[in-house]
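Novice: this one's sequence-less:
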């Protein structure tokens, strides 16, 4: 049997697998002429939950489950948002990219949206800075802002929940 050079040696494969593990990439596929590699990792549920749910949301969920009274004003607003989510009337505006979240166009400007504010499709709700480009994020729905999950100038990930909106019925 003839041995062909497929473009990847064992050490390169090992480095690739280590990189996938370090970056928490659950699925990867590479296809070249004469070579196809598909890697899929089984991630324990706790790891998925830890990455998908922010620390603050987890605290609220635990408080509701254990029926511990919540006294923090933001926690009360967020627990109300959680109840709206359960009833199906809540919509999340998520980050379309990795970057830095800003609530206003300049540090001295008013926030684009605040909790309790009504928004409509096309309203700018925040800015995500990515690679020195300011990207305005617009609402795609009509409703009332019930929670803002990210603080000003905080980094955000692709798909991360930014704002919860109670849909207008």
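Specialist: Perfect, I can see it now. Quantities reported herein were computed from a predicted structural model and do not represent experimental measurements. Numbers count the residues shown, from 1 in each chain.
Novice: now do the helices in this protein.
Specialist: Per DSSP state H, the chain carries helices over the ranges 10-22, 45-52, 55-66, 73-87.
Novice: in this protein, where is pLDDT below threshold?
Specialist: Along the chain, the parts satisfying pLDDT under 70 run over 1-8, 41-88.
Novice: ok, and what's touching stretch 153-166?
Specialist: Residues outside stretch 153-166 that contact it (C-beta atoms under 8 Å, 6 or more residues apart in numbering) are 54, 81, 84-85, 89-102, 113, 119, 125-126, 128, 137, 139, 141, 143-150. Bear in mind the C-beta positions are built from the backbone N, C-alpha and C, glycine included.
Novice: please convert the buried members of the residues you listed into PyMOL selection syntax.
Specialist: In PyMOL syntax, the buried subset of the contacts of stretch 153-166 is picked out as below (16 or more other C-beta atoms under 10 Å):
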select buried, resi 81+84+85+90+91+92+93+95+99+101+102+113+119+125+126+128+137+139+143+144+145+146+147+148+149+150
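Novice: just the ones of the contacts of stretch 153-166 in strands?
Specialist: When these are checked against strands (DSSP state E), the matches are 90-94, 99-102, 119, 125-126, 128, 137, 143-148.
Novice: residue 11 - how many residues pack around it?
Specialist: 8 (other C-beta atoms under 10 Å).
Novice: ok, residue 39 next?
Specialist: By other C-beta under 10 Å, neighbour count at residue 39 equals 15.
Novice: that one contacts residue 13, correct?
Specialist: No - using C-beta atoms under 8 Å, residue 39 makes no contact with residue 13, being 9.7 Å away.
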